[in-house]
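>>> Provided below are the primary sequence and the corresponding predicted coordinates.
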Amino acid sequence: MTQTTITTPIEELRLADAATRLAFLSQPLTIHHPRMMEIEDRLAAILKMPEPHEHSIAIFGRSFNGKSTISKHFASLHPIRTNVLGDADRADVVRISMPGEASVREFAIRILRYVGEPFNLTWSTSHLTSMAYAVLRAMQTKLLIIDEFQDLSNGTSRNREALKNMIKSIGEDTGCGVALFGTPAGVDILNKEPQLQRRFEQLVLPPWKRGDEANVLIHNLEVRLPLRKVSHIVADPKLVETILEMGDHVIGHIRRVMLLAARTAIQTGREVIDAKTIEGMAWVPLSERSEDVIKRLELKTDKEWEAA
């Protein structure tokens, strides 16, 4: 087996042995698509605004539909700049995830950790919060990305309200725009709080349905697969629909379906993704997995227990 990386030209990989190509399929792979570029263009526009805090947005979508991938990728395009001593000097973009349970203290700590600002865990919450605000101002942060926004619903009522108030004020107090990324549960949080709702323009990453967008996505996935034959998946609308349904119409699972199909195509020697390859895959859609496990374990469902 020869060593390969994700930067190896795909044309070269298609000539490699099966073991090398299977190893390639196990590596992280970010697929760019129109929706991703649209969201990133919106985020980039905030950076150019004279008053970024007046242009905050919230992006919502189902789990595994690419929200975190987009936020991480955009943050990677705007890394923290350092001075000659190697210390953080400017951070146009700061990206954190919402704490699993609402906590102003943990929220502030995550900002400080992202930019590498020294702090002491014995400091009070108010001091840590003041430090986080000061750091965002000092580093001229133009955009604060908050992933997993829906987790704001977790924790005590007091902590939830305190963190909501922080999110309301942090943009105006530091001058940066705020971009929220969350699941549909986050929509309820935003819309039940008028002062939060009016601060954010809401955008959606909808499920993937058959059409031009899905065709671009699947084509971009297909051309990154090291198969020796061209599959021409988008030329077969029925096959496209099958892949979308198997992937529960979210990009994370669609990608996994395509990777498993490529793996199956290589292992069977067919070297192409078509209906026969898909049929031979060991894949159970997410929406059917609970029932599948119950069936395989020969367990009774709740209704069957009630009838027994």
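Arrived safely.
>>> pLDDT below threshold where in this structure?
Applying pLDDT under 70 to the chain flags the ranges 1-8, 285-308.
>>> where exactly do the strands run in it?
Residue ranges of the strands in the chain, as given by DSSP state E, are 57-61, 81-82, 88-90, 93-97, 143-147, 177-182, 201-205.
>>> Sheet-wise, list the partners of the third one with their directions.
Right, strand 88-90. The strands beside strand 88-90 in its sheet (DSSP bridges) come out as strand 81-82 (antiparallel).
>>> do the same with the fifth one
Sheet pairing here is set by DSSP bridges, and for strand 143-147 it gives strand 93-97 (parallel), strand 177-182 (parallel).
>>> Can you redo the strands of the chain as CSV, where the extra columns are distance to residue 46 and mean neighbour count?
For glycine as for every other residue, the C-beta is placed from the backbone atoms N, C-alpha and C. Formatted as CSV, the strands of the chain follow (distance: least, C-beta to C-beta, whole Å; neighbours: other C-beta atoms under 10 Å):
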stretch, distance to residue 46, mean neighbour count
strand 57-61, 7, 23
strand 81-82, 18, 12
strand 88-90, 16, 15
strand 93-97, 10, 22
strand 143-147, 5, 24
strand 177-182, 4, 26
strand 201-205, 10, 15
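>>> mind checking which of those is nearest residue 213?
strand 201-205 (10.9 Å; C-beta to C-beta).
>>> got the angle between the closest one and strand 177-182?
40 degrees (axes from the mean of the first three to the mean of the last three C-alpha atoms, to 10 degrees).
>>> neighbours of the nearest residue to residue 259 once chain neighbours are set aside, just the number please.
Using C-beta to C-beta, 6 or more residues apart in numbering and skipping the chain neighbours, the partner closest in space to residue 259 is residue 25 (5.3 Å). Around residue 25 there are 17 other residues, counting by other C-beta atoms under 10 Å.
>>> ok, now residue 21?
23.
>>> Check residue 277 too.
Applying other C-beta under 10 Å, we find 21 residues neighbouring residue 277.
>>> for residue 164, same thing?
The tally of other residues near residue 164 (other C-beta under 10 Å) stands at 18.
>>> same check, this time on residue 126
The number of residues packed around residue 126, counting by other C-beta under 10 Å, is 11.
>>> distance of it from residue 106?
The gap separating residue 126 from residue 106 is 14 Å, by C-beta to C-beta, to the nearest Å.
>>> for residue 59, same thing?
For residue 59, the distance to residue 106 - C-beta to C-beta - is 22 Å.
>>> Residue 66: what's it in contact with?
Residue 66 makes contacts with 35, 36, 205, 250, 251, 252, as judged by C-beta atoms under 8 Å, 6 or more residues apart in numbering.
>>> which of those residues tops the neighbour count?
That'd be residue 251 among those, by other C-beta under 10 Å, with 26 neighbours.
>>> So it versus residue 127, what's the distance?
To residue 127, residue 251 is 41 Å away according to C-beta to C-beta.
>>> Same check on residue 217?
From residue 217 over to residue 127 (counting by C-beta to C-beta), the distance is 46 Å.
>>> For residue 258, which residues are in contact?
Shown in contact with residue 258 (C-beta under 8 Å, 6+ apart): 218, 221, 222, 225, 243, 273.
>>> cool, residue 75 as well?
93, 94, 95, 145.
>>> Format those residues as CSV; extra columns: distance to residue 164.
Shown next, in CSV, are those (distance: C-beta to C-beta, whole Å):
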residue, distance to residue 164
93, 23
94, 19
95, 20
145, 18
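>>> Nearest to residue 139 among those residues?
Set against residue 139, the nearest of the contacts of residue 75 by C-beta to C-beta is residue 94 (7.9 Å).
>>> surely that closest one meets residue 144?
Yes - with contacts counted by C-beta atoms under 8 Å, residue 94 reaches residue 144, the gap being 5.2 Å.
>>> So residue 82 is in contact with residue 89, correct?
Yes - with contact defined as C-beta under 8 Å, residue 82 and residue 89 form a contacting pair (5.6 Å).
>>> quick one: contacts for the closest residue in space to residue 247 that isn't next to it in sequence?
Leaving aside its sequence neighbours, residue 247 sits nearest to residue 254 (C-beta to C-beta, 6+ apart; 3.4 Å). By C-beta under 8 Å, 6+ apart, the residues touching residue 254 are 208, 217, 218, 221, 243, 244, 247.
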